[in-house]
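Peer 1: Just the structure for this:
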Amino acid sequence: MSSNGNKRDTRSSGLALSIDRRNFLRLGATVSAGLFLPEVLGCGSDPVSPGTVTPPNPEIQKPAWVRSKDGVLDIEITITETDVTVGAYTFKTRAYTGLTVNKGTASFTGTYTGKLPGPTLEVSPGDTIIMKLMNKLPSDNLNVDPTDCGIANASGSSTTGGDSHHVPGFSNNTTNMHVHGLHVDPGPPGDDVLLEIAPGESYDFVFKIPKDLPMPDGTVANHPAGTYWYHPHVHRSTAIQVMGGMAGAILIRDPANDDLDALFAPEPQAGQGKEQLLVIGEFMLQTLDTCPGAPRLATYNEIVTDADGTTDFFTVNGQVNPIIRMRPSEVQRYRLIHAGFHLPLDVAFVRVPDDQVDSATKLPKAGYTPFSYACPANKHFDSEQDPGFLAAQNALRAQSVPYVQVATDGVTYPKPISMPMADAVSEVEYLIGPGNRVDILAQFQKGTYQMVTLGYDLGFACSEPQVLGTIIVDGEPDTSIEIPATMKTPALYPGFDDTMKPGNMVSKKRSLEFKVVVDKGATGTSGYHFTIDGKEFCEGRVDQCMATGATEEWTVNNVQKGASLHPFHIHVNSFLVTSLNGKPPAYPIWRDTLLLPRDGYDMDGLGGTFTFLSRFLHFEGAYVLHCHMLQHEDLGMMQLIDVEKDGICTPPSNMTCP
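Peer 2: Take a look at the predicted model:
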């Protein structure tokens, strides 16, 4: 069945969760229980976690790719349930398992059948992506939450039992498609995240990558070349699908206007360096089945069940700790995509001591780990911070081999930034949050190195440090490529230095508050609402209305000091960060996703704040901003934006909002 009619949900999306404080900490900090039931485990015990001491995998696998031809990429993508093996685990999940190319070139012949991550889409400014998305997942009725694992709502009644309510647990297999970071039309048949594609249905998307866009100063601009990604975005179902591996890269190439594209390529020619695509996935697997049954697709309510029976870890291109090879002095471009759903990455490159390297394989010796610290067994801290964890983490960061970042969220910097960042105003400048992309230029001398994420202590929750990949640097030196001193920045995102220049004059200032609201129930239970400006998301209410072409200054506040991290993400238009906790950032960088600061700001009860400038250019229609800690979005931490030529906005749905 093919349908391009946008099926809007017309029911209230308000939901108050009734859970105890212990489980709220897991939900708020999002060290929550796993979404997948390991097929090889059932209700068995947890095997060795694929974390700090997992032996390196074979060579890194490059995701399958498809490229546009004559300005068009015409493809059909199929979503199914499938069994996958990642590290020590085999489990069922939802994935982009089929791809047919109607027009374009591909790294495979015939029909692609793959799993994690999804295939990479490569296009250029001016190209059109035509994508038929076919949802062949089981009926939502087959994957609702079992009654004995249901979440109770504010009144104490169960929310389980079918798909008649559009709340987490009832639409686990309904999907759509979001092209994260792209400056494209948010209306149908484009980047319409209000669309829902039920099991058995399909939809024909059309994404036009802009070229020669008119700018306010009379110049024209192409869509920036860079690193982007795609993933599902149905409200109430986003986290469970992205956590399951439904994600893939989008690479926009424009070597005539982007210095990095001219200098690096996946199949480098003479005078070019090699690029590596690193799609970082994030899994939480339930190793102790609290809802017994045959191996099956997990359901949403298992996110907020007890976390003690879970293991969580990152993957790179669907692998745990793959091997990357380089030559001494060689410069490679790493396109890193955080395609996870909740925990930040804190990346460092650590050299393995020579006496801990196997001379035959060049790999670290069995049992070697760079980490002298770990999270508590129950994955959360009872104190606000753990000094030992933070001290050891900082000490390991100080041992990192220097590297440079050259782009964030698809926007190339004017010059490389030395990492690890020594002069950060806030940790959010160097943390890579869910949804973020960073482009890294790596250059090492002969030896063995480990690309690690240092873990993160949320105060009352913790993510483990982990080796992401092992880098073997060997062979004859390669000095053919040097790290550039300066780079051309995208014309779509000029600075705001000249306040009188057209497009730079701020027409409106806005302020947002991200907050978890607690309601005390009569029975002693607490309901937790994930809100922006005190409200949960509702499609029948426009929260931010503006005129096309507006230039605005926004301040985004993380209310409640010490509260959970909230990655702020806005669709369609990127933003330039101008202040972090009241101070200018070390480097003015354009973003489409930024972790809200937590610490260092305690005015009027705020836990952290940042300010940005943005231009709302070229596209009219409704789209969203939200927390990219995706279960927070699913639980209401999202707002509807409407950009209209006359600045008069009408909700896309006639639903009544609470």
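
Peer 1: The stretch 251-400 of the chain: helices as residue ranges?
Peer 2: Assigned by DSSP state H, counting those that start in this stretch, the helices in the stretch 251-400 of the chain fall at 259-263, 387-398.

Peer 1: Compare those helices and give me the one nearest Gln356.
Peer 2: Distances from Gln356 to each of the helices of the stretch 251-400 of the chain were compared using C-beta to C-beta; the shortest belongs to helix 387-398, at 14.9 Å. (C-beta placed from N, C-alpha, C; glycine too.)

Peer 1: So which residues make contact with the closest one?
Peer 2: 346, 348, 350, 370-373, 375, 381, 420, 452, 454-455, 457, 462, 465 (C-beta atoms under 8 Å, 6 or more residues apart in numbering).

Peer 1: In that helix, which residues are buried?
Peer 2: Residues Phe389, Ala392, Gln393, Leu396, Arg397 are the ones in helix 387-398 that count as buried (16 or more other C-beta atoms under 10 Å).

Peer 1: Could you do stretch 254-265 as well?
Peer 2: Across stretch 254-265, burial judged by 16+ other C-beta under 10 Å covers Asp254, Asn257, Asp258, Asp259, Leu260, Asp261, Ala262, Leu263, Phe264.

Peer 1: Kindly reformat those as TSV containing pLDDT and distance to Gly190.
Peer 2: What follows is the buried residues of stretch 254-265, written out as TSV (pLDDT from 0 to 100; distance: C-beta to C-beta, whole Å):
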residue	pLDDT	distance to Gly190
Asp254	96	20
Asn257	94	23
Asp258	95	23
Asp259	96	29
Leu260	97	27
Asp261	96	24
Ala262	96	29
Leu263	97	31
Phe264	96	29
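
Peer 1: Kindly indicate which of these lies nearest Val184.
Peer 2: Closest approach to Val184 among these (C-beta to C-beta): Asp254, at 15.3 Å.

Peer 1: Tell me how many other residues crowd the residue lying closest to that closest one once chain neighbours are set aside.
Peer 2: Using C-beta to C-beta, 6 or more residues apart in numbering and skipping the chain neighbours, the partner closest in space to Asp254 is Ala225 (3.9 Å). Neighbour count of Ala225, defined by other C-beta atoms under 10 Å: 25.

Peer 1: Likewise for Lys208?
Peer 2: With other C-beta under 10 Å as criterion, Lys208 counts 15.

Peer 1: which residues sit in contact with it?
Peer 2: Lys208 is in contact with Asp127, Thr128, Ile129, Val184, Asp185, Gly190, counting by C-beta under 8 Å, 6+ apart.

Peer 1: Distance of it relative to Leu182?
Peer 2: Applying C-beta to C-beta, to the nearest Å, the value for Lys208 to Leu182 is 10 Å.

Peer 1: if we can go back for a sec, and the furthest pair within the buried residues of stretch 254-265?
Peer 2: Greatest spatial distance among those (C-beta to C-beta): Asn257 and Phe264, at 14.8 Å.

Peer 1: On the secondary structure side, give me the element for Ile129.
Peer 2: Remark: Ile129 resides in strand 128-135, with elements defined by DSSP states H and E.

Peer 1: And whichever helix or strand comes after that strand, what does it pack against?
Peer 2: On the C-terminal side of strand 128-135, the closest following helix or strand by DSSP H and E is strand 178-180. In terms of contact count using 3 or more C-beta pairs under 8 Å, 6 or more residues apart in numbering; DSSP states H and E, strand 178-180 is assigned the packing partners strand 226-231.
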